[in-house]
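1. mind looking at a prediction? Sequence and model below.
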Amino acid sequence: MQTLEFFVSAPGKVILHGEHSVVHGQVALAVSLNLRTFLQLQSTSSGEVHINLPNIDTFLSWEITALQSLLAGCKAEQGGLKELDADLLKRLREFTRISEDSTDTRSMAVLAFLYMYLSVFAESLASITVSVWSELPTGAGLGSSAAYNVCLSAALLSARGNISNPLTPQQESARWSKEEMELINRWAFMGEKIIHGNPSGVDNAVGTWGGFLRYHAGNISPLSWVPVLRILLTNTKVPRSTKVLVSGVKDKINKFPSVLKPVLESVSAVSCVCEQTLTEMAERGPSAEHYNILEELIDINQHHLNVMGVGHSSLDTLCRVTLARGLHSKLTGAGGGGCGITLLRPETDTSVIQSTVEELKACGFDCWETSIGAPGVQQHSSAALSQHILKILSSY
Ligand SMILES: Nc1ncnc2c1ncn2[C@@H]1O[C@H](COP(=O)(O)OP(=O)(O)O)[C@@H](O)[C@H]1O
Ligand SMILES: C[C@@](O)(CCOP(=O)(O)O)CC(=O)O
Ligand SMILES: [Mg+2]
């Protein structure tokens, strides 16, 4: 172990277009959010591994000697990190008594942590305490699972010495090299596989790299020319599981391939037209016509997502309430509840936004104007973190 204590953070994300279709090889556009997940890792001499997850009320520890037995016969190298080690996962499920079909919040988080810890530290299990706390709502479509996995990946790889510890004593925050970030992203994807079943990789890519990204079949291209967009985020607070929703879409595609495939392709085309429109807006300056196009694309995509079966009456309410004021909304992330986004036009009056927010809050939703394009995964000094965050992370 190189360090005694360090902090990392990673952002959540908003998918503008392409959720679900991206799992089936289509184009998605996604951007990081200014809501982050924070992780503190401490090396200890207790002979135990502790994990503290206050967002989901989970505080657990294991003796290292008990965990060591799970590694018997484990492959040292993870086959280029493309596939999960099915044997290790099976042993872990038996050890933790978490069944294969479980979508329980705590179980998924614990399984992802233990899998990553055991794989990264396979050669010599270290005593550590890991505490994770997030500003993101858990399981609401804003990529909390990816932010969690990116933080775990960065912290465990750094602690093990597989990647550097980029922070110098003079700095408050620092980032890793391109190659190191690629490794962080690949390990975070493994965590996403455990939590999501069949992730596309877009969420962990945004959590790692930050900014505005186009994601297509594993290829990540940053969009450097994007206009400033104002987005209202609404959390319907209806709980849902990405794993269940992604698997439901797959079942529908298998049942009606000729019906669903054109829908997925149309969503991909929506992403491409949106990208072209954003580029034009950045190059020539935004016009009312550009905003009309963005709004129509939002409506088209929301219809497609309903066809895929990932809508929800709470999301219909969001679309209806906002459209009554001329604002256009769609779900973001896996849907089935969770969060939706509403595009605000530059000329949208503050009073219109205020009354929309009030009506959405009266429906029982959380609603706030968000800021997008935050930096990806970072290492921080304790001085860089607010007292509030430090207090939460250090209180276990
Ligand atoms: N702060 C956190 N602490 C512990 N586990 C977390 C945290 N954030 C996310 N998770 C894990 O990620 C899961 C949610 O992932 P998911 O269903 O993909 O929703 P989303 O990624 O949209 O928030 C949770 O059930 C939990 O296992
Ligand atoms: C539905 C999907 O496109 C996004 C899921 O995002 P979230 O976990 O709901 O934040 C799945 C994926 O891309 O892996
Ligand atoms: Mg997720």
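-> Happy to help now that I have it. Ligands and ions are numbered 1, 2, ... in the order given.

2. what does the stretch 201-350 of the chain have sitting close to ligand 2?
-> Residues of the stretch 201-350 of the chain lying near ligand 2 by Cβ under 6 Å from any ligand atom: Val202, Asp203, Thr242, Val246, Gly333, Ala334. C-beta here means a position set from N, CA and C on the backbone, and glycine is covered the same way.

3. over to the stretch 51-200 of the chain?
-> Gly141, Leu142, Gly143, Ser145, His196, Pro199, Ser200.

4. quickly find the element holding Leu41.
-> strand 28-43 (DSSP states H and E).

5. adding secondary structure, distance to Ser131 and pLDDT, write the residues of the stretch 201-350 of the chain next to ligand 2 out as CSV.
-> Converted to CSV, those look like this (DSSP: H, G, I helix; E, B strand; the rest coil; distance: Cβ to Cβ, whole Å; pLDDT from 0 to 100):
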residue, secondary structure, distance to Ser131, pLDDT
Val202, helix, 27, 98
Asp203, helix, 22, 98
Thr242, helix, 24, 95
Val246, helix, 29, 97
Gly333, coil, 25, 98
Ala334, coil, 27, 98
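
6. between those, which is nearest ligand 3?
-> Nearest to ligand 3 out of these is Thr242 (Cβ to the ion; 4.5 Å).

7. what about the closest one, distance to ligand 1?
-> 3 Å (Cβ to the nearest ligand atom, to the nearest Å).

8. where do the helices sit along the protein?
-> 64-68, 86-96, 105-120, 144-160, 178-196, 202-209, 242-255, 257-284, 288-308, 313-323, 350-362, 387-394 (DSSP state H).

9. residue ranges in the stretch 51-200 of the chain under the pLDDT threshold?
-> Within the stretch 51-200 of the chain, the segments meeting pLDDT under 70 span 74-80.

10. show me which residues of it are close to ligand 1?
-> 53, 55-56, 105, 108-109, 132, 134, 138-145, 148, 195-196.

11. what's the local residue count around the closest residue to ligand 3 within the stretch 1-150 of the chain?
-> As assessed by Cβ to the ion, ligand 3 sits closest to Ser145 within the stretch 1-150 of the chain, at 3.3 Å. Around Ser145 there are 31 other residues, counting by other Cβ atoms under 10 Å.

12. contact partners for it?
-> Met108, Ala112, Gly139, Gly191, Glu192, Ile195, His196, Asp203, Thr242 (Cβ atoms under 8 Å, 6 or more residues apart in numbering).

13. what do you get for Ser153?
-> Ser153 touches Met116, Ile184, Asn185, Trp187, Ala188, Met190, Gly191, counting by Cβ under 8 Å, 6+ apart.

14. who's in contact with the closest residue to it other than its chain neighbours?
-> In space, and not counting its chain neighbours, Ser153 is closest to Trp187: 3.8 Å by Cβ to Cβ, 6 or more residues apart in numbering. Going by Cβ under 8 Å, 6+ apart, Trp187 touches Leu81, Met116, Val120, Asn149, Leu152, Ser153, Leu156, Leu157.

15. surely the last one touches Phe121?
-> No - with contact defined as Cβ atoms under 8 Å, Leu157 does not count as touching Phe121 (10.2 Å).

16. so for Ser45, which of the helices of the chain sits nearest?
-> Proximity to Ser45 (Cβ to Cβ) singles out helix 64-68 among the helices of the chain, at 11.0 Å.

17. which elements pack onto the closest one?
-> strand 48-53, helix 105-120 (3 or more Cβ pairs under 8 Å, 6 or more residues apart in numbering; DSSP states H and E).

18. most tightly packed of the ones you listed?
-> Across those, averaging neighbours per residue (mean count of other Cβ atoms under 10 Å) puts helix 105-120 on top, at a mean of 21.

19. report the angle between that helix and helix 242-255.
-> With axes from the mean of the first three to the mean of the last three Cα atoms, to 10 degrees as the basis, helix 105-120 and helix 242-255 are set at 90 degrees to each other.

20. and helix 105-120, what does it pack onto?
-> Where contact means 3+ Cβ pairs under 8 Å, 6+ apart, helix 105-120 is packed against strand 48-53, strand 58-63, helix 64-68, helix 86-96, helix 144-160, helix 178-196.

21. quick check, stretch 290-310 touching ligand 1?
-> No - in terms of Cβ under 6 Å from any ligand atom, no part of stretch 290-310 sits within range of ligand 1; the closest distance is 12.3 Å.

22. buried set for that stretch?
-> Neighbour-count burial for stretch 290-310, counted by 16 or more other Cβ atoms under 10 Å, picks out 290-291, 293-295, 297-298, 300-302, 304-308, 310.

23. repeat that for stretch 345-358.
-> By 16+ other Cβ under 10 Å, the buried positions in stretch 345-358 come out as Arg345, Thr348, Val352, Ile353, Thr356, Val357.

24. and what of stretch 161-177?
-> Ile163, Pro166, Leu167, Ser173, Ala174, Arg175, Trp176.

25. I'd say the third one and Ser158 touch.
-> No - because the distance of 9.5 Å does not satisfy Cβ under 8 Å, Leu167 is recorded as not touching Ser158.

26. quick check, pLDDT for the closest residue to Val206 other than its chain neighbours.
-> Counting by Cβ to Cβ, 6+ apart, Lys13 is the residue found nearest to Val206 once chain neighbours are left out, at 4.0 Å. On pLDDT, Lys13 comes in at 98.

27. could you pull up the residues touching Lys13?
-> By Cβ under 8 Å, 6+ apart, Lys13 lies in contact with Ala30, Val31, Ser32, Leu33, Leu142, Gly143, Ala146, Val202, Asp203, Val206, Gly207.

28. same check, this time on Leu84
-> So Leu84 contacts Tyr115, Met190, Lys193, Ile194 (Cβ under 8 Å, 6+ apart).

29. if we use 10 Å, what do you get?
-> Counting by Cβ atoms under 10 Å, 6 or more residues apart in numbering, Leu84 touches Gln78, Tyr115, Ser119, Phe189, Met190, Gly191, Lys193, Ile194.

30. how near is the last one to Ile293?
-> Note on Ile194: its distance to Ile293, by Cβ to Cβ, to the nearest Å, is 39 Å.

31. just the fourth one next, same as before
-> Remark: distance between Phe189 and Ile293 (Cβ to Cβ) = 33 Å.
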